[in-house]
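Colleague: Model the structure of this input:
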Amino acid sequence: MDAQRPEIDYPCSWTWQIIGQGEALLRGHIEATLLGLEHELEVTRTSATGRYTSIRVTLTVADEAMRLKLGAALQQHPAVRVVL
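Modeller: Now for the predicted structure:
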């Protein structure tokens, strides 16, 4: 079985799931990172203690470079634990 990279046709809608500490901190970081880009943001889950929050972010990416750049930028905050 050959493992191949999936072919992605750009521009396309892309979704990241961001998990981290503090909804307000995560929202602020996401908004600052995506400044000027039209996007949808939705809190999808909060831990029982309220410590961790999962936020889904969806936007249109123009090309692979943009997708990789934004994905890396979304990881660059101390409150962010995982970006999927």
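Colleague: Low-confidence stretches in the chain?
Modeller: 1-3 (pLDDT under 70).
Colleague: That one: strands as residue ranges?
Modeller: Taking DSSP state E, the strands of the chain run over residues 12-21, 39-46, 52-61, 80-83.
Colleague: ranking those by burial, who's on top?
Modeller: strand 52-61 (a mean of 18; mean count of other CB atoms under 10 Å). C-beta: built from backbone N, CA, C; applies to glycine.
Colleague: need the strands of the chain in a markdown table with distance to residue 73, can you?
Modeller: Listed next are the strands of the chain as a markdown table, based on distance: least, CB to CB, whole Å:
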| stretch | distance to residue 73 |
| --- | --- |
| strand 12-21 | 11 |
| strand 39-46 | 13 |
| strand 52-61 | 12 |
| strand 80-83 | 10 |
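Colleague: Please name whichever of those strands is nearest to residue 72.
Modeller: Using CB to CB as the measure, strand 80-83 is the one of the strands of the chain that comes nearest residue 72, at 8.7 Å.
Colleague: hmm, back to that, nearest to residue 29, out of the strands of the chain?
Modeller: strand 80-83 (6.8 Å).
Colleague: tell me what the closest one is packed against?
Modeller: strand 12-21, helix 64-75 (3 or more CB pairs under 8 Å, 6 or more residues apart in numbering; DSSP states H and E).
Colleague: for the ones you listed, which one sits closest to residue 48?
Modeller: Ranking the helices and strands packed on strand 80-83 by proximity to residue 48 (CB to CB) places strand 12-21 first, at 14.2 Å.
Colleague: Name the strands paired with that closest one and say parallel or antiparallel.
Modeller: Using DSSP bridges, the strands paired with strand 12-21 are strand 52-61 (antiparallel), strand 80-83 (antiparallel).
Colleague: Noted, bye for now.
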